[in-house]
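A.B. asks: any chance you could fold what I've pasted below:
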Amino acid sequence: MRYCFTRVAGSMAEQGQALDRVQVKKAVQALQAYMKTKSSKDSLFPDDNEPISVLFTFWKIPKEAQTIRIPLPHGQRTDTEEVCLFTRDEPKMTSEQTQRFYKKLLEEKGVKNITEIIPYKVLKTEYKPYEAKRRLLGNFSMFISDDRIRRLLPSHLGKHFYLRKKEPLTVNLQSKQLARDIQRIIQGTSLKITNKGSCCMARVAHSGMTADEVTENIEAAFQTVVTKMRLKGPVMKVVHIKGLKSVALPIYTSNLSSCSVLEAQTPKKKKTSGKTLENKKNTTTEDTKQTDVTVEAEEDEEEIPQLVPIETPVKKPKVEKPLKKKKRLEKAPKLAAVTMETKRQNRQTKRADPKMKRKVPKVK
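C.D. replies: Numbering: from 1, shown residues only. Okay, here's the model as predicted:
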């Protein structure tokens, strides 16, 4: 089957930043026909609706990150998608009583899109493990939170909610028109603009909607983004529409006249020619010569003082004295030990010499 892809409209008014409705509708019809053939061949459940997104490309990279909420004239979510609401803990109430309290409040206001209510205390206790947080993330397609506990949620939800772009959107549960506010948040969309690149994408419709409804949603998203962007001059460069696995079809491109406007806004650097550089060099050399002449004249005029030598006292070298060897004091032998040794020697000599005269006692 041959598809007629859209031709980029060149006759668009760049100053008004408007889309050509005819060209957008042709692109939507071609995309829907392509998605129907792909879904009938590949998918097991042909009734599932595939989302349609709009890809915005800007002329400049934004300096600051920004989140733009886009209200859509036709709801881009189906009735089968589940929505979770995080509420605060009501004083003097248990977690079950707070759930009943907010269910009654939503029924009185006429809100029917929310499937489950989770108080803040239950989120801290029951969904503290890592596996419970991942399970919670997969069970619901969208999350809404009370604006009074908005700052407390990031530490308890974890980074996976923000990596998959499912962080909860805030709503004022005390407003008088609560049903309208929740309906706008659920059926609308949001565009997250970062300061790391010039491209961003927002979900606008699904394949089950008619071509006219999709075109109206695309036009509303385009106009809100152009009005709320914090950039000066022309904002949009190229706009595409695409599905999950389809090719991006262009529906808008800006004229080349916007390039001249951007060049006029950017400050230009003054280019220095070769003649000006030579003139600057000549002036610098002349200035240096003049300064040298003046310095020499001043030196001639000034009297040079006579230098008188000053005798510096000569320090005598220190004579190192020879170190005296300390005599080691010999320990004197003990008297008792000496007397015993002498007695033993005398006894041995007497036994060895038999000729020695023995003393005989005199007889009277």
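
A.B. asks: flag the shaky bits of the stretch 251-364 of the chain, pLDDT-wise.
C.D. replies: Within the stretch 251-364 of the chain, the ranges that satisfy pLDDT under 70 run 256-339, 350-364.

A.B. asks: and the helices in the chain?
C.D. replies: Residue ranges of the helices in the chain, as given by DSSP state H, are 21-42, 95-109, 120-125, 130-139, 154-157, 160-163, 178-187, 211-228, 257-265, 274-301, 335-352.

A.B. asks: just the buried positions in the fourth one, please.
C.D. replies: Buried residues in helix 130-139, counted by 16 or more other C-beta atoms under 10 Å: 133, 136-137. (C-beta placed from N, C-alpha, C; glycine too.)

A.B. asks: so which elements touch that helix?
C.D. replies: Identification of packing neighbours for helix 130-139 by 3 or more C-beta pairs under 8 Å, 6 or more residues apart in numbering; DSSP states H and E yields helix 160-163.

A.B. asks: in PDB, list the C-alpha atoms belonging to the helix it packs on.
C.D. replies: Once non-C-alpha atoms are left out, helix 160-163 reads as follows in PDB (Å, rounded to 0.1, in the frame of the first residue of the first chain):
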ATOM      1  CA  HIS A 160      12.600   5.300  38.400                       C
ATOM      2  CA  PHE A 161       9.400   7.500  38.500                       C
ATOM      3  CA  TYR A 162      11.400  10.400  37.100                       C
ATOM      4  CA  LEU A 163      13.400   8.400  34.600                       C
END
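
A.B. asks: so which bits of that helix are buried?
C.D. replies: residue 161.

A.B. asks: what does it rub up against?
C.D. replies: 133-134, 137, 143, 154, 167-168 (C-beta atoms under 8 Å, 6 or more residues apart in numbering).

A.B. asks: what about 10 Å?
C.D. replies: 130, 133-134, 136-138, 143, 153-154, 166-168 (C-beta atoms under 10 Å, 6 or more residues apart in numbering).

A.B. asks: among those residues, which one sits closest to residue 251?
C.D. replies: The closest of these to residue 251 turns out to be residue 166 (C-beta to C-beta; 27.3 Å).

A.B. asks: what count of nearby residues applies to that closest one?
C.D. replies: 17 (other C-beta atoms under 10 Å).

A.B. asks: ok, it to residue 177 distance?
C.D. replies: Relative to residue 177, residue 166 is positioned 26 Å away (C-beta to C-beta, to the nearest Å).

A.B. asks: same thing with residue 60?
C.D. replies: Applying C-beta to C-beta to residue 60 and residue 177 gives a distance of 37 Å.

A.B. asks: my read is that residue 146 contacts residue 178, right?
C.D. replies: No - assessed by C-beta atoms under 10 Å, residue 146 is found out of contact with residue 178, at 11.3 Å.

A.B. asks: overlap in contacts, the two.
C.D. replies: With C-beta under 10 Å, 6+ apart, residue 146 and residue 178 have common neighbours 171-172.

A.B. asks: now stretch 231-241: buried residues?
C.D. replies: For stretch 231-241, the neighbour count (16+ other C-beta under 10 Å) marks 231, 234-241 as buried.

A.B. asks: and that stretch, end to end?
C.D. replies: Terminal residues of stretch 231-241 are spaced 23 Å apart (C-alpha to C-alpha, to the nearest Å).

A.B. asks: one more: stretch 140-150?
C.D. replies: 19 Å.

A.B. asks: list the buried residues for it?
C.D. replies: Per 16+ other C-beta under 10 Å, stretch 140-150 contains these buried residues: 140, 142-146, 149.

A.B. asks: closest one of those to residue 341?
C.D. replies: Closest to residue 341, out of all of the buried residues of stretch 140-150 and judged by C-beta to C-beta, is residue 149, at 103.9 Å.

A.B. asks: tally of neighbours for the closest residue to that closest one other than its chain neighbours?
C.D. replies: Nearest non-adjacent residue to residue 149, counting by C-beta to C-beta, 6 or more residues apart in numbering: residue 88, 4.8 Å away. Residue 88: 17 surrounding residues under other C-beta under 10 Å.

A.B. asks: and residue 88, how far is that from residue 162?
C.D. replies: 21 Å.

A.B. asks: no more questions from me, cheers.
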